[in-house]
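>>> after the sequence you'll find the predicted model.
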Amino acid sequence: MNVLTALNASRAALTHLSESVAGRIVNIGAMGAMQASSGMGPYAASKAGVHRLTEALAAEWKGRITVNAVLPSIIDTEANRASMPTADFSKWVQPRELVEVILFLVSDAASAVTGALIPVPGRV
């Protein structure tokens, strides 16, 4: 589901972004795909697919659209807190922290950044 979502969203956006002077795609990967831990094989594989898709689209659209991905560790959400109630939430990535990285990638300041897989580990 992770890679298909990124693929379908990118496919839908590319027609419109190709007409823009500053087209940007930012996919959401995962640090967990860099090295899978026990029990996380399918998730890591699907997120690794997002990483490779990001790199391929960046190469295909270089000079016209930037395509990057952010790779968060655990994001501090209600769902994650509920599923891991004994964890130290203070170490997790705050949603605002992730948004700040994404905002940079869609800004003019990142116009030369494409194909990047940006880790956002928080304090994990």
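In hand now; what should we look at?
>>> could you check how far G23 is from H16?
Separation of G23 from H16 (CB to CB, to the nearest Å): 8 Å. Every C-beta, even on glycine, is put in place using the N, C-alpha and C of the backbone.
>>> contacts for the longest helix along the chain next, please.
Looking across the chain with DSSP state H, the single longest helix is helix 41-60. When contacts are defined by CB atoms under 8 Å, 6 or more residues apart in numbering, helix 41-60 is touched by residues 1-3, 6-7, 10, 25, 27-30, 32-33, 35-37, 65-69, 71, 114-117.
>>> give me the more crowded residue out of G23 and H16.
Between G23 and H16, counted using other CB atoms under 10 Å, the more crowded position is G23 (17 against 9).
>>> how far does the longest strand belonging to the chain sit from the chain's center?
For the chain, the strand that runs over the most residues, judged by DSSP state E, is strand 65-72. Centroid displacement of strand 65-72 relative to its chain, using CA atoms, centre = their mean, to the nearest Å, is 5 Å.
>>> angle of that strand against helix 41-60?
Per axes from the mean of the first three to the mean of the last three CA atoms, to 10 degrees, the angle that strand 65-72 makes with helix 41-60 is 150 degrees.
>>> other SSEs contacting strand 65-72?
Packing contacts for strand 65-72, counted by 3 or more CB pairs under 8 Å, 6 or more residues apart in numbering; DSSP states H and E, involve helix 2-17, strand 23-28, helix 41-60, helix 95-106, strand 117-120.
>>> so what are the sheet partners of that strand and their directions?
Its sheet considered, strand 65-72 pairs with strand 23-28 (parallel), strand 117-120 (parallel) by DSSP bridges.
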